[in-house]
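Q: Whatever this is, show me its structure:
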Amino acid sequence: MARPQTTTTQLLLHGVIEARILAADLSGHLQPTKKALVMKKMFSWIRKVAFCRCQRQLENAVGLGTDGKLYATVDIDKARVGRTRMVPPVNSPKWDESFRIYCAHDASDIIFTVKADNAIGATLIGRAYLPTDSVVAGNKVNLWLPIRDEKRQPLEGGDQIHVQLQFTDVAADPTAGWGAGVGSAAYDGVPHTFFKQRRGCRVRLYEDAHVAADFSPRIRLAGGRFYEPRRCWVDVFDAINRARRMVYIAGWSVNTDVVLVRDPRKQAAAASENLGELLIRKANEGVTVLMLVWDDRTSVGLGPIRRDGLMATGDQDTAAFFRGTRVQCVLCPRNPDKDRSYVQDIETDTMFTHHQKTVIVDGGGRPAPWSPPGLVGFLGGIDMCDGRYDTQDHPLFRTLGTTHNRDFHQPNFPGACSGPSTAARRRGSPRPEPSADAPREAAALGLVTGKDHVMERSIQDAYIHAIRRARDFVYIENQYFLGSSYAWRQNDGVSVEDINALHLIPRELSLKIVSKIEAGERFAVYVVVPLWPEGVPESGSVQAILDWQRRTMEMMYKDVLMAIRAKGLQADPRDYLTFFCLGNREAPCPGEYVPPEHPDPNTDYERAQRARRFMIYVHAKTMIVDDEYIIVGSANINQRSMDGGRDTEIAIGAYQPGYLAIRNTWGRRRRRHWAARGQVHGFRVSLWKEHLGQAAAAALGGDLLRPSSLTCVRRMNQVAKQHWDMFASDAFQGNLPGHLMAYPVSVLDDGGGKIVATTETFPDTNAKVLGIKSDILPPILTT
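A: Numbering: from 1, shown residues only. Model (predicted):
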């Protein structure tokens, strides 16, 4: 087959790329350049006069030594999507490494780059270009591609790289199930994952840490039953209290002072015992209590010296509390993988975290001697720490003297936290997990290899797979929403290739909408995020994250608007894609707690207290698809969580085989559709009733059951705008009737999806809604 030439035509690659990098011929690479010869002379002089043996290390650091191992990468245009392991620097390196790459990119070329690894970075050898028009039809290519320099000229000596590649469009991919939903009870889950789907599990879904006594959503499920909201922290307390063998806790932050049960009418004894006391009591009863808590490198615990780190997780206080007890508490930093550069080591050490939130206990029963005890595991977005206890009312002032009197969390100024979590229960013997030491086996299991380390990225894969299978709607609640930076608007004040927020989730959502518009079908995506990410809203980090969020929204709306125009429709892009936030506003209540001190005048804190309003902080990390499939865990929709090599995360995907959406078609006109009416449906509708408020939820009536319908989307947008107007108004003094608010942006009908703020700054602050690009903070810190 003839070698393809490079091209400038961009084509959409949406599907899966199966790539294999076999070997390279670098016989011309070892010939030194003039610059290299000059540098060699300089290092030779250093060697003669230096009293230390540093010359070899310096040469390797700048790429002039002979120890720089070779590796190759795969890029779709400017998005890095794969790396090989490193091999010794020889003229004919052999990798024979395979990659399975999810793609949703507009690209002119697939690029294979060869580099030599160094202690402080890497030295470029050259790049080979495979035009997308040579693979977009799905044909398999097996080529030796010429390696070129930065000007795309072939390297002297004829260096080349041997690659094999095949692209499969998403609609033709048999593993994608494009638009098929879960389909049937035989669904095997996300393909090519290390942790395979397990059957026979029992799952409980939680909206908040607690359920208010007067919250009764009355949601009818299949079979005439009604959905019953669950009390998360009460269940956690009961599970730990019943444990007889083990309690394992892993967390980004674990606060020993947290009281899990705060209703003395239900459990008076439990309401007087905090988490730390509970765990010590269980350890003294003979239960093995193990805790793994993220060690914030910036925190210290040296007597009177300040303990809090930059993230204020209280890790040193947690460790000190259990010191000398039978509870084994280990602080674990986010250590870098081996064989990474010095710069990458520093980034991982100081910027990334262990972000999981899990509690695992035995079931407390008495199984037969040959059978292991049943296990109960809690995971999700609710940390066992301060600032997480909340109910469906999300009060700002009314519980300061009662349930929140010892749990006042103020990361920026007063607020509340909300976020679904899940408890998954499984009984039976665990199966041994497969080994994934070799790169080929790792690729088959969905693991991502690169420079001699292996990453697990199945949470992102699960999101991609669920979106691709979606038929009618997607509902997301997440603390962050940014990504797919490779598709952001070019020439907009940033160099897109330097951002590296490359995960596919936002682009997958917009391309799903585009496909539905092209097919003349309804589809809706609802996204709920906090008004701004946790922190001081005017700070550089928060403003930078809001800037990335704005760019992500614009990229998605551009895709949607272009599809609307191509179809000749007169439609609002928010009929398909809409963003919300949550907030509350309370009128004064007789007898409520009055703090003895007041904030400084003319501050964000003082203005918010005077207006008696604040956002409800969305700490959730969940996605619901078609009311039949749910993903819930600790992972945010940003690169930190979805990368696999940054923050460590945990999540599950779940569905009920007996409660799936079924669609039968007889001819073109006769079509019947049975919607899913199981626990996932009940959970989603319960969340919507909580957010909308009683009156608005009742007014929507049956539209709540049809989220993809145009009527539902528009009525949700209408109610959310009304709530936002009341929240933002200086004249409104009453109680907000619902919490769901329109995110304060609008989309210009300019064809480019440009976002403008409906108000320049957030209420009670001087913080810009659209954020500001930071010229100081590196993108890796804020993406």
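Q: how far does stretch 184-201 stretch from start to finish?
A: This stretch, stretch 184-201, spans 17 Å end to end (Cα to Cα, to the nearest Å).
Q: If you count neighbours, what's buried in it?
A: 187, 189, 190, 191, 192, 193, 194 (16 or more other Cβ atoms under 10 Å). No exception for glycine: its C-beta is placed from N, CA and C like everyone else's.
Q: With stretch 122-133 instead?
A: For stretch 122-133, burial by neighbour count (16+ other Cβ under 10 Å) applies to 122, 125, 126, 127, 128, 129, 130, 131, 132.
Q: Looking at the buried residues of stretch 184-201, which two lie furthest apart in space?
A: The span of these, defined through Cβ to Cβ, is set by 187 and 194 at 18.4 Å.
Q: domains of the chain?
A: Annotated domains of the chain cover 11-169, 462-783 [automatic domain parsing].
Q: With residue 257 as the reference, name the closest of those domains.
A: Closest among the domains of the chain, using Cβ to Cβ: domain 462-783, at 19.0 Å.
Q: Show the end-to-end separation of that closest one, please.
A: First-to-last distance for domain 462-783 - Cα to Cα - comes to 20 Å.
Q: picking that back up, okay, and which of the buried residues of stretch 184-201 map to strands?
A: Using DSSP state E, no member of these falls in strands.
Q: re earlier: format the domains of the chain as a markdown table; extra columns: mean pLDDT.
A: Converted to a markdown table, these look like this (pLDDT from 0 to 100):
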| stretch | mean pLDDT |
| --- | --- |
| domain 11-169 | 84 |
| domain 462-783 | 93 |
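Q: now, of those domains, which is deepest in the fold?
A: Most buried of the domains of the chain, by mean neighbour count (mean count of other Cβ atoms under 10 Å): domain 462-783, with a mean of 19.
Q: Now do it: distance to the chain's middle.
A: For domain 462-783, the gap between its own C-alpha mean and the chain's C-alpha mean amounts to 14 Å (Cα atoms, centre = their mean, to the nearest Å).
Q: related to what we said a few turns ago, any idea which of the buried residues of stretch 184-201 is the one closest to residue 464?
A: Closest to residue 464 out of these is residue 190 (8.7 Å), distances taken as Cβ to Cβ.
Q: what residues are up against that closest one?
A: Neighbouring residues of residue 190 by Cβ atoms under 8 Å, 6 or more residues apart in numbering: 197, 446, 458, 461, 462, 465, 653.
Q: cutoff 6 Å now
A: Residue 190 makes contacts with 461, 462, 465, as judged by Cβ atoms under 6 Å, 6 or more residues apart in numbering.
Q: Restricted to helices, list these.
A: 461, 462, 465 (DSSP state H).
Q: What's the local residue count around the first one?
A: The reference is to residue 461. For residue 461, the neighbour count with other Cβ atoms under 10 Å is 21.
Q: 19 is where my numbering starts, stick with that
A: With 19 as the first residue, the last one maps to residue 479.
Q: Show the pLDDT at residue 212.
A: Residue 212 is assigned 86 on the pLDDT scale.
Q: I'd like the distance between the residue nearest to residue 726 when sequence neighbours are not counted and residue 725.
A: Excluding the flanking residues, the one nearest residue 726 by Cβ to Cβ, 6 or more residues apart in numbering is residue 490, at 3.9 Å. Using Cβ to Cβ, to the nearest Å, residue 490 is found at 7 Å from residue 725.
Q: Equivalent analysis for residue 194, please.
A: To residue 725, residue 194 is 22 Å away according to Cβ to Cβ.
Q: residue boundaries of the strands in the stretch 469-618 of the chain?
A: Here the stretch 469-618 of the chain has its strands, by DSSP state E, counting those that start in this stretch, at 471-474, 491-496, 542-546, 595-603.
Q: Now render these as JSON lines, adding distance to residue 89.
A: Below are those laid out as JSON lines (distance: least, Cβ to Cβ, whole Å):
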{"stretch": "strand 471-474", "distance to residue 89": "11"}
{"stretch": "strand 491-496", "distance to residue 89": "33"}
{"stretch": "strand 542-546", "distance to residue 89": "37"}
{"stretch": "strand 595-603", "distance to residue 89": "39"}
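Q: among those strands, which is nearest residue 644?
A: strand 491-496 (6.5 Å).
Q: The closest one packs against which elements?
A: Strand 491-496 is packed against strand 542-546, strand 639-643, with contacts defined by 3 or more Cβ pairs under 6 Å, 6 or more residues apart in numbering; DSSP states H and E.
Q: Looks to me like residue 98 is in a helix.
A: No. Under DSSP: H, G, I helix; E, B strand; the rest coil, residue 98 falls outside any helix and is assigned strand.
Q: For stretch 746-760, C-alpha coordinates in CSV please.
A: C-alpha atoms of stretch 746-760 as CSV (Å, rounded to 0.1, in the frame of the first residue of the first chain):
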residue,chain,number,x,y,z
ALA,A,746,-30.8,37.3,42.1
SER,A,747,-33.4,40.0,42.8
ASP,A,748,-32.6,42.6,45.5
ALA,A,749,-36.3,43.2,46.0
PHE,A,750,-37.4,39.6,46.7
GLN,A,751,-37.5,38.9,50.5
GLY,A,752,-39.4,35.6,50.7
ASN,A,753,-38.5,31.9,50.7
LEU,A,754,-37.3,30.5,47.4
PRO,A,755,-40.1,28.1,46.3
GLY,A,756,-37.6,25.7,44.7
HIS,A,757,-33.8,25.3,44.3
LEU,A,758,-33.3,24.6,40.6
MET,A,759,-32.0,27.8,38.9
ALA,A,760,-30.9,28.6,35.4
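Q: The longest helix along the chain packs against which elements?
A: Secondary structure assigned by DSSP H gives helix 558-585 as the longest helix of the chain. Helix 558-585 is packed against helix 523-537, strand 773-775, helix 797-800, with contacts defined by 3+ Cβ pairs under 6 Å, 6+ apart.
Q: Need these in TSV (columns: distance to residue 377).
A: Output for the helices and strands packed on helix 558-585, formatted as TSV (distance: least, Cβ to Cβ, whole Å):
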stretch	distance to residue 377
helix 523-537	27
strand 773-775	39
helix 797-800	29
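Q: follow-up on the earlier one: JSON lines please, covering the helices and strands packed on strand 491-496 and showing distance to residue 609.
A: Listed next are those as JSON lines, based on distance: least, Cβ to Cβ, whole Å:
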{"stretch": "strand 542-546", "distance to residue 609": "33"}
{"stretch": "strand 639-643", "distance to residue 609": "36"}
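Q: For residue 228, which of the ones you listed is the nearest?
A: Nearest to residue 228, of the helices and strands packed on strand 491-496 and by Cβ to Cβ, is strand 639-643 at 17.7 Å.
Q: What helices and strands are in contact with that closest one?
A: Using 3+ Cβ pairs under 6 Å, 6+ apart, strand 639-643 sits against strand 491-496, strand 647-651.
Q: out of those strands, which comes closest to residue 373?
A: Closest to residue 373 of the helices and strands packed on strand 639-643, according to Cβ to Cβ: strand 647-651, at 9.7 Å.
Q: which residues are contacting that closest one?
A: Identification of contacts with strand 647-651 by Cβ under 6 Å, 6+ apart yields 200, 397-398, 438, 440, 480, 484, 639-642, 668-669, 671-673, 698.
Q: re earlier: would you turn the buried residues of stretch 140-151 into CSV with distance to residue 133?
A: Putting these into CSV (distance: Cβ to Cβ, whole Å) gives the following:
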residue, distance to residue 133
140, 4
143, 6
144, 9
145, 10
146, 13
147, 16
148, 18
149, 22
150, 23
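Q: Alright, I will stop here.
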